[in-house]
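# Kindly generate the corresponding structure for this input.
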Amino acid sequence: MRPFHRRFGKYSASFEPAEATLIADLVDQVRQLLAGRRAEAPSDPLAQLTGMTMGPASKPQDPAVARLLPDFHAQDEQLSSGLRVLHEPELIATKDAAAVALLDTLPRGGGPVRLDDDAAAAWSSALNDVRLALGVRLQITEDDSPPPGVDDPDSPQAAMYATYRWLSAVQDSLVSAMLDA
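Coordinates of the predicted model:
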């Protein structure tokens, strides 16, 4: 990967084919997690008549999805549940739109990427969602200390952690370029 930099009003980077494939696969996995959560929404005849989209009232059972869709209010479960019903579908749609924007601007066979401000924000958001989901799966509590189980370089956890660190570097290069603008 050639890190992101800003040039002529665009954020540019370049990815190897394997890197582009990895990013696309991970973003697709997060989209599938969110689609599964979207499918949990109850069928409500009034919502269908009004065109409103309602979300489930309960917290997600999957810890990675729960990290992507946190409680709307920390101290009041009933309020959080009501807000979840009303706002979670919009949050999922926003996250999915960012993922689609990333996928639409990522050359699947690798190569250069040139992003405008909106696409760069979408990339940052979608990469962050992937990192959050991976972080939960790896049980990462702090970015500066390795999670349990990554000592064996041949373990799946070690590969996931290397991917997490690489995605952190990709996101960091993009955010740094955005801040320098």
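
# Assign the residue positioned nearest the centre of the chain to helix, strand or coil.
Nearest to the geometric centre of the chain sits Asp129, at 1.9 Å (CA atoms, centre = their mean). The three-state label given to Asp129 by DSSP: H, G, I helix; E, B strand; the rest coil is helix.

# Same question for the biggest helix by length in the chain: list its buried residues.
Longest helix of the chain, by residue count under DSSP state H: helix 77-105. By 16 or more other CB atoms under 10 Å, the buried positions in helix 77-105 come out as 80-81, 83-85, 88-89, 91-92, 95-96, 98-99, 101-103. Every residue, glycine included, has its C-beta placed from N, CA and C.

# now the strands: where do they sit in this structure?
2-7, 10-15, 111-115 (DSSP state E).

# Turn the ones you listed into CSV, including distance to Asp180, mean neighbour count and mean pLDDT.
Shown next, in CSV, are those (distance: least, CB to CB, whole Å; neighbours: other CB atoms under 10 Å; pLDDT from 0 to 100):
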stretch, distance to Asp180, mean neighbour count, mean pLDDT
strand 2-7, 6, 16, 95
strand 10-15, 10, 19, 98
strand 111-115, 14, 17, 97
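
# Export the ones you listed to TSV and append columns for distance to Tyr164.
Shown next, in TSV, are the strands of the chain (distance: least, CB to CB, whole Å):
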stretch	distance to Tyr164
strand 2-7	17
strand 10-15	17
strand 111-115	20
